[in-house]
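J.: Give me coordinates for this.
(2 chains)
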Amino acid sequence: MTRNTLKLALAAMGLVATGAQAQDVTLTIESWRNDDLALWQQEIIPAFEAEHSGIKVIFSPSAPTEYNAALNSKLDAGSAGDIITCRPFDASLALFEAGHLTDLDDMEAMNNFSEVAKSAWQTDDGSATFCVPMASVIHGFIYNADAFAELGIEVPETEAEFFAALDKIKEDGSYIPMAMGTNDQWEAATMGYNNIGPNYWKGEEGRRALIAGEQKLTDAAWVAPYEALAKWGDYLGDGYEAQTYPDSQNLFTLGRAAIYPAGSWEIAGFNAQADFAMGAFKPPVRNAGDTCYISDHTDIGIGMNAATANSEAARTFLAWVGSPEFASIFGNALPGFFPLSNTPVELTDPLAKEFVSWRGECESTIRSTYQILSRGTPNLENETWGASVAAIKGTSSPAELGQKLQDGLASWYAPQQ
Amino acid sequence: MSVPRIRWHIIVFLAPAVLVYTAVMIFPLFNTLRLALYSEVEQARVFVGLENFRTLFFDPIWSEQFWNALGNNFWFFLIHMLVQNPIGVALAAILSHPRLRFAALYRSAIFIPTILSFVIVGFAWKLILSPIWGIAPSMLDAVGLKFLFAPWLGKEEYALTTLALVSVWQFVGIPMMLIYAALLSIPEEILEAGELDGITGLSAFWKVKLPLILPSIGIISILTFVGNFNAFDLIYVAQGALAGPNFSTDILGTFMYRTFFGFQLQLGDPHMGSAIAGAMFAIILVGVCIYLFGIQTRMRRYQL
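T.: Next up, the predicted model:
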C-alpha cells in the first residue's frame, strides 16, 4: 500500500519533470570507462547532438572495478541509465538473460559488423545480439625502435627470429630483453598465452573447435604456446616473479627494456611516457610464410536498457554508434581501442596504425577463454593465468599444465567430457 | 508475594545499542548464513539445504581451494603467534623498564604502523621489496648480502611468510601496548617483595611479571586468532584477489571475496560465497569457544 503511494508520487514527479522539457529526451549512458569522460563530453556527445536535436546525452561512468556490481544493483532497482556499456561475453549475457538488455538484431547498423565482432554480445546460438560492438584491442609486441637500431636487430617475423633477437639483446646486456612480470598473473595469460597462442591453434578454427569439444587443451596446438612461454623466463628481468604490471610498463617506457608484450590499449600511455621511437610487431609465426593470426579482442559494446522509457531515442543513438562516423571519432581519440565496424577507419597514430594494419594481413580471433569456456568452476580464464605463470617460471611442464586445464574444463563443460 | 517489577530503565538504556547492533551485525550475519542454504537455478533462488557446504567440503575443485586457504590461514596465524606476540611482549618488557630513555618515542614509532591503512602498508612494502625499484636489494647489496635477496612476493614458497611478516610489522604495536598496560598495572610492592626474596632482573620477569600478564597474553592470542582468520585486506592489496603466485597466499578472506563477488570472468556466486563465510564464522566461533571455555576459565588469576 505505502509502496503504491510512493510509486504514484514518483510517477507524478516524473510527469512534472518530463513536462518541463517535453521536447527534449535525455539519455544516460552507464559505463566503466571513466578515463574517457572528457572524450565523451567534448567530442562524441557534441557530434551526436549536433545531428540529432531533441536528444540530450549524459555520459555517467563509474569506476571499472565497481561497474559490474553497481550496474547490476541499478538495473534491479530500476534506476539504471538508458544506455548500457557492455562488458564482453558472460557478464552481458547474464544481463540479457535476466531481461535487462534489449535484443538489437533488427537494427540496420548491426550489418556494419563482422560475426567475430558480434560474437561477444550474442547468445550462444547467435540468435540474438544485444549490444553494438564498439571497440576491440589487438595484441602484439611493442618494441623500442632506437634499441633495435642500436643493436642492429631486424623486426622478427618468425618464432626463431624472435628468440634470436631476444638472445642478441640479452648478450648485449644494455637492455632487459622483455618487460613482463608474473606477479599480477594476468599479463602472462593475456599478453603471453593469448597473444602468441592464436598462431598455434589457428585462431577462430581452434577456438571454435575447443568450444565444440573437437579439440582438447592437451592437444599440441594448445600446449605448444606454453612450451614457447617456458622459454620466456630467461629473457625477463631479474626478479620478474615479483614484477607487477605497472613495473613492466615503467621499465619499458623508461627505456630499460627492449620489447614489451602488449595490448594495443597501452598505446596512448606509452606515447605520453616514452621519449624514444617505438614500433610494433605481430606475434611471430612458427615458420616463414605461415598464415598469421592475431588476437583482436572485442572489449567494449553498447546496448539498451530494456526498461528505458526512451527506446526510440536510444535506438537512434545506438544506430549512430554503429556508424562509420562514430568509429572515426572514437578510433582517433582513443588510439589503441579499435572500432569494430567493417568500414575501415583512417587512424592517424602511427603505432595504432601499425596494429590495425595486421587486420588486413592476418586472421582475427578473440581470446580463447572468454566465450562460454569460463562459465563454470574452475574458471578457465583464471586457471589460464596460473598456468601461464607456471609455464614461464618453469614450475610445471607444459604437458602437465594442458592436462590440468583440460581436467578442470572437462569437470563442468559437457562437450569436453 | 509481589509481582517482579519490570525494570524499564534497563530496557530503555539497552535499546539503542541492541537495535543498532542487531540491524548492522546480527541480522546481516544470520541472513548471510541463511543465504548459504540457497542456490540460484535459472534466475530463481531455490532452497538447497546444506548442498553448498557439501560442495565446499567434498567437491575436489572446491575443497582443494578451501583446505589450501585454511592451511594458509593457519600458517598466517602461526607466524603471528610465534613472531608478533613474543616480540610484542619483549618490546613491552623493555619499554616498561624504568631507566629506558626515549620510551615514549619508541612506543609511538612502533605503534604508528598499526594506524596506517592496509593499502598504504601493502603498497609501501611492495615497493620496498620490489626487485626493480625496491630498497631491499640495494640495502642487502650495501652489506654484501645481495645473494640473500629473492623476489619474495613472487615466489610460492616465500610469499605467504613474507606477507605474514609484513602484517606482523604492522600490528606488533597492539600486543605491545596491551602488555605494556598490563605491566604498568603491576604494583611496585609485589616487585619489591620479590626483590627482598632475591628475585631481580630477568627472573623477576619470568617469575613475577609473566604470570601476572598471562590473562592479557590470552586475550591477545584470541584477538590475533580472530583478526587473522578474518584477514583479507593485506593479501588483496598486495597480491590481488587471485592471491598469487598460484594461490600460495590465498586465505579464507580472499577465497570468500573471489567467490562471492566474482573475479574477472568468474561471475560472483553469493550463495557459495556465503557458505564460505559461514565456514569462516564456524571456525572462528569454535576457536573462540575453545579459548573461553577451555583456557580462560582455567587460567589462574592473581589478586593484585
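J.: use CA for all of it now, contacts and neighbours both
T.: OK.
J.: For chain A, what's the nearest residue on the stretch 201-304 of chain B?
T.: B:Asn246 (5.7 Å; Cα to the nearest Cα).
J.: residues touching that residue, list them.
T.: A:386, A:390, B:156 (Cα atoms under 8 Å, 6 or more residues apart in numbering or on different chains).
J.: In what element of secondary structure is residue 238 found?
T.: Reading this off chain A. For A:Asp238, there is no helix or strand it lies in under DSSP states H and E.
J.: my bad, chain B
T.: Per DSSP H and E: helix B:233-239 holds B:Ala238.
J.: A:Thr298 now?
T.: Element membership of A:Thr298, judged by DSSP H and E, is strand A:293-304.
J.: Contacts for the helix or strand that that strand is followed by next, please.
T.: Next helix or strand after strand A:293-304 toward the C-terminus (DSSP H and E): helix A:311-321. Residues from elsewhere that reach helix A:311-321 (Cα under 8 Å, 6+ apart): A:25, A:27, A:48, A:55, A:82-83, A:107-109, A:132, A:134, A:302-304, A:326-327.
J.: Could you check how many residues crowd around residue 64?
T.: By default, I'm working from chain A. 12 (other Cα atoms under 10 Å in any protein chain shown).
J.: ah, no, chain B please
T.: B:Glu64: 14 neighbours (other Cα under 10 Å).
J.: Show the contacting residues for it.
T.: By Cα under 8 Å, 6+ apart, B:Glu64 has no neighbours at all.
J.: next one: B:Leu70
T.: B:251-252.
J.: what is the orientation angle of the strand with the most length in chain A with strand A:293-304?
T.: If you go by DSSP state E, chain A has its longest strand at strand A:131-144. Counting by axes from the mean of the first three to the mean of the last three Cα atoms, to 10 degrees, strand A:131-144 lies at 140 degrees to strand A:293-304.
J.: What's the first helix or strand after the helix or strand encompassing B:Val20?
T.: For B:Val20, the host element (DSSP H and E) is helix B:8-21. The element immediately downstream of helix B:8-21 (helix or strand, assigned by DSSP H and E) is helix B:27-35.
J.: how about the residues of the stretch 201-350 of chain A near chain B?
T.: A:238-243, A:247 (Cα under 8 Å from any Cα of the partner chain).
J.: mind redoing it with 10 Å?
T.: Residues of the stretch 201-350 of chain A lying near chain B by Cα under 10 Å from any Cα of the partner chain: A:237-244, A:247-248, A:251.
J.: circling back: from the contacts of B:Asn246, which ones fall inside strands?
T.: Reading strands off those, I find no matches (DSSP E).
J.: Quick one: name the residues of the stretch 201-304 of chain B near chain A.
T.: Close to chain A, as judged by Cα under 10 Å from any Cα, the stretch 201-304 of chain B has residues B:238-247, B:261-268.
J.: Where strands are concerned, which of those residues count?
T.: Per DSSP E, those map to strands at B:262-263, B:266-267.
J.: Next up, the contacts around A:Trp414.
T.: Wrong residue type there; residue A:414 is Ala, not Trp. Shown in contact with A:Ala414 (Cα atoms under 10 Å, 6 or more residues apart in numbering or on different chains): A:211-213.
J.: any idea how far it lies from A:Gly301?
T.: Distance from A:Ala414 to A:Gly301, counting by Cα to Cα, to the nearest Å: 29 Å.
J.: Ok, A:Ala70 next?
T.: According to Cα to Cα, A:Ala70 and A:Gly301 sit 18 Å apart.
J.: B:Pro113 now?
T.: B:Pro113 is 44 Å from A:Gly301, by Cα to Cα.
J.: Comparing the two, which shows the higher neighbour count?
T.: Shown here are B:Pro113 and A:Gly301; by other Cα under 10 Å, A:Gly301 has more neighbours (24 against 18).
J.: OK, contacts around the residue in the stretch 1-150 of chain B that chain A sits nearest to?
T.: Proximity of the stretch 1-150 of chain B to chain A (Cα to the nearest Cα) peaks at B:Pro131, 5.3 Å away. Going by Cα under 10 Å, 6+ apart, B:Pro131 touches A:237-243, A:247, B:137-138, B:149-154.
J.: so of the residues you listed, which ones are in helices?
T.: A:247, B:137-138 (DSSP state H).
J.: Which residue is the nearest non-sequential neighbour of the residue of the stretch 251-400 of chain A found nearest chain B?
T.: At 5.7 Å from chain B, A:Gly386 is the closest residue in the stretch 251-400 of chain A, using Cα to the nearest Cα. Counting by Cα to Cα, 6 or more residues apart in numbering or on different chains, B:Asn246 is the residue found nearest to A:Gly386 once chain neighbours are left out, at 5.7 Å.
J.: With A:Ala327 instead?
T.: Of all residues not flanking A:Ala327 in the chain, A:Pro339 sits nearest, at 5.3 Å (Cα to Cα, 6+ apart).
J.: wait, isn't A:Gly233 in contact with A:Ile176?
T.: No. At 11.8 Å, A:Gly233 does not count as touching A:Ile176 under the criterion of Cα atoms under 10 Å.
J.: got any residues that touch both of the two?
T.: Joint contacts of A:Gly233 and A:Ile176 (Cα under 10 Å, 6+ apart) do not exist.
J.: what's around residue 239, how many residues?
T.: No chain in the question, so chain A it is. Other residues close to A:Gly239 by other Cα under 10 Å number 20.
J.: should've been chain B
T.: Per other Cα under 10 Å, the neighbour tally for B:Gln239 reads 27.
J.: before we move on, the earlier item: now for the residues of the stretch 201-350 of chain A next to chain B: which two are most distant?
T.: A:Glu241 and A:Leu251 (14.7 Å; Cα to Cα).
J.: Of these two, give the one with the bigger neighbour count.
T.: A count of neighbours by other Cα under 10 Å puts A:Glu241 above the other of A:Glu241 and A:Leu251, at 28 against 22.
J.: ok, that one - contacts?
T.: With Cα under 10 Å, 6+ apart, A:Glu241 has these contacts: A:180-185, A:233, A:389, A:392-393, B:130-131, B:150-156, B:245.
J.: Equivalent analysis for B:Glu157, please.
T.: B:Glu157 sits in contact with B:245, B:248-249, where contact means Cα under 10 Å, 6+ apart.
J.: got it, and A:Tyr260?
T.: Per Cα under 10 Å, 6+ apart, neighbours of A:Tyr260: A:140-144, A:177-180, A:191, A:248-249, A:251-253, A:280.
J.: Checking my notes, it in a strand, right?
T.: Yes. Under DSSP: H, G, I helix; E, B strand; the rest coil, A:Tyr260 sits within a strand.
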